[in-house]
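Chemist: what follows is a predicted protein model with its sequence.
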Amino acid sequence: MIRAVKGTRDLLPPDTAVWNRVEKTAREVFRAYNYHEIRTPILEEEQLFVRGVGTETDIVSKEMYAFDDHGTRLVLRPENTASVIRAYIEHRLDQKPGIQKLYYIGPMFRRERPQKGRYRQFFQIGAEAIGSDSPFTDAEVIELVAEILSRAGLSGFHMLINSVGCKECRPVFVAKLKEALQPVAPQLCTDCQRRTETNPLRVLDCKVPEDQPLIDALPSILDSLCGICAPHFAAVQTYLQDRGIPYEIKPRLVRGLDYYMRTTFEAVHGNLGAQNSVLGGGRYDGLAESLGSKVHSPGIGFSIGEDRLVMTVDAGEPEVLDLFVATMGNAALRHAGSLAKELRRDGLSVEVSTDAKLKRAMELANKLGTRYVAILGEDEIAAGEYSLKNMLTGEQERVKREDLLQRIGKKN
RNA sequence: GCGGCUGUAGCUCAGCUGGUAGUAGCGCCAGAUUGUGGUUCUGGAUGUCGCGGGUUCAAACCCCGCCAGCCGCCCCA
């Protein structure tokens, strides 16, 4: 048997209804915030991510699906921000008026070990606001994503924010951190001892309880922010407070992608297991330049892990069938075909039974969970009526064609 | 990439210290006379016990490898 490849999966009904609901909600919120959809290719040149995301990141160094295409190295996109910025530069969107506010929904690919909430093909709902370095934009983006989460039905998430500084102040902080780590490193967990050398910032993200007191005593990046980053971060918070957006400052919040600077944020939820992050985002003021833009194009964006969001959100109401037409005989079947076409144009969901045995048709109607069954036999055809049965109450009545739509009504 | 656990009918699972699987539950199919579902009753189908080797007279049960899933690490969405 041929199965879906490792780390990928089929999304089947009724789950797909939840996905559609989440996406519909997101599109509505994006529209309210004046975002417009962008669709970029799933295939990109490898160099886009090498230069955009950074060779040092796990994503680029070991997780990309890459292959040679007649001499060009192509990859399945592992994330979408670099693609959006590429498109922004390629199509000179900087020439358009105002901030470019773009959103996307689609699959990303990373060759990781799959587990709960982590797949090799996973879906992201994301957005980028390009062309503004104002902290007001940061606050609006955070507000937007929080709005999507709550309107999608996710409750109990925590929005964590931080500033990781810029080219000027981050190196200073890293040096300071390394210095502070030297004497205490031997007392930390083995992972942290390694991180002290490879990536000191990650030590701050350690979850080992025993390490916490020592980590708490380490310097905070917030104390090292420069004269530009510090007031920027303060302003973001002011704007968030103005809007009543709950947030939590987490100075240890470190994002993995190289392009992030200043504001970074993440939302976590308790029901996701080890992969407790439903979304991540941040500011990336230097990304456009590193991708070859001659114009300074500061931006900020986020991406929601749709798989994780769907997993956490309430399933909600299933999609229901409005009407099932049970027919007896070929004349009735032909008649039912025309009727179904008309009612479907009126917006009802309609199924027609081809089984001439009424009992079997009724059994099927019941299993499909239809709201109404219209019975069409010789009697009804002769009378020019339908026997309409309400499957919930069991009541049945004769109804004329012109009254059918009103009698059934619409559910969803 | 590393570690742990798991893998039996469509689904959830049982299967004692190895003797070639279960009346299991749910689901599915067919019946309980003529144009009516949901409850009930009766009958039925379905598995190369994840795959491939090995040990044994004999393996779903033991050993090895592979694959997949889950959990954790790493990392991230």
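Modeler: Good, I have the coordinates.

Chemist: what's across from A:Gly301 in the sheet?
Modeler: Taking DSSP bridges, one obtains A:Glu128, A:Gly282 as the residues bridged to A:Gly301.

Chemist: so what's it up against?
Modeler: With C-beta atoms under 8 Å, 6 or more residues apart in numbering as the criterion, the residues that contact A:Gly301 are A:81, A:84, A:126-129, A:141, A:281-282, A:284. Any C-beta I mention is one placed from the backbone N, CA and C, and that applies to glycine too.

Chemist: nearest to A:Pro251, of these?
Modeler: Comparing the contacts of A:Gly301 against A:Pro251 with C-beta to C-beta places A:Gly282 closest, at 14.4 Å.

Chemist: let me know whether that closest one touches A:Leu253 as I believe.
Modeler: No. Counting by C-beta atoms under 8 Å, no contact exists between A:Gly282 and A:Leu253, whose distance comes to 9.3 Å.

Chemist: separation between A:Ser155 and RNA strand B?
Modeler: The gap separating A:Ser155 from RNA strand B is 17 Å, by C-beta to the nearest atom of the strand, to the nearest Å.

Chemist: is the helix or strand bottoming out on mean pLDDT in chain A positioned near RNA strand B?
Modeler: Every helix and strand in chain A was compared by mean pLDDT, DSSP states H and E; the lowest is helix A:190-198, with a mean of 75. Yes. Using C-beta under 7 Å from any atom of the strand, we find that helix A:190-198 touches RNA strand B at A:191, A:195.

Chemist: other SSEs contacting that helix?
Modeler: helix A:169-184, helix A:200-203 (3 or more C-beta pairs under 8 Å, 6 or more residues apart in numbering; DSSP states H and E).

Chemist: A:Arg344 belongs to a helix?
Modeler: Yes. Assessed with DSSP: H, G, I helix; E, B strand; the rest coil, A:Arg344 lies in a helix.

Chemist: gap between it and A:Asp133?
Modeler: Between A:Arg344 and A:Asp133 the distance, using C-beta to C-beta, to the nearest Å, works out to 51 Å.

Chemist: as CSV, the contacts of A:Gly301 with distance to A:Arg151 and neighbour count would be great.
Modeler: Below are these laid out as CSV (distance: C-beta to C-beta, whole Å; neighbours: other C-beta atoms under 10 Å):
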residue, distance to A:Arg151, neighbour count
A:Thr81, 23, 29
A:Val84, 23, 24
A:Gly126, 16, 26
A:Ala127, 15, 30
A:Glu128, 20, 29
A:Ala129, 19, 25
A:Val141, 16, 27
A:Gly281, 18, 26
A:Gly282, 22, 26
A:Tyr284, 26, 28
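
Chemist: tell me the most buried of the helices and strands packed on helix A:190-198?
Modeler: With neighbours taken as mean count of other C-beta atoms under 10 Å, those reach their highest mean count in helix A:200-203, at a mean of 21.

Chemist: near RNA strand B at all, it?
Modeler: Yes. Among the residues of helix A:200-203, A:Arg202 lie within reach of RNA strand B under C-beta under 7 Å from any atom of the strand.

Chemist: immediately after that helix, which helix or strand?
Modeler: Downstream of helix A:200-203, the next assigned helix or strand under DSSP states H and E is helix A:212-216.

Chemist: which strands and helices sit next to the helix or strand just after that following helix?
Modeler: With elements assigned by DSSP H and E, the helix or strand that comes after helix A:212-216 is helix A:229-242. When contacts are defined as 3+ C-beta pairs under 8 Å, 6+ apart, helix A:229-242 packs onto helix A:135-151, strand A:158-163, strand A:261-268.

Chemist: the same query, at a cut-off of 7 Å, please.
Modeler: The contact analysis (3 or more C-beta pairs under 7 Å, 6 or more residues apart in numbering; DSSP states H and E) places helix A:229-242 against helix A:135-151, strand A:261-268.

Chemist: and the contacts of it?
Modeler: Residues external to helix A:229-242 that are found in contact with it (C-beta atoms under 7 Å, 6 or more residues apart in numbering): A:135-136, A:138-139, A:142, A:163, A:165-166, A:169, A:225, A:247, A:262-263.

Chemist: that one to helix A:135-151, inter-axis angle?
Modeler: Comparing the axes of helix A:229-242 and helix A:135-151 via axes from the mean of the first three to the mean of the last three C-alpha atoms, to 10 degrees yields an angle of 40 degrees.

Chemist: could you check the angle strand A:261-268 makes with helix A:229-242?
Modeler: Angular relation of helix A:229-242 and strand A:261-268 on a 0 to 180 degree scale: 40 degrees, by the same axes, to 10 degrees.

Chemist: give the rounded mean pLDDT of helix A:229-242.
Modeler: Per-residue pLDDT values over helix A:229-242 give a mean of 96.

Chemist: any idea which helix or strand comes after that helix?
Modeler: strand A:248-249.

Chemist: tell me which other helices or strands that following strand touches.
Modeler: Counting contacts by 3+ C-beta pairs under 7 Å, 6+ apart, strand A:248-249 is packed against strand A:158-163.
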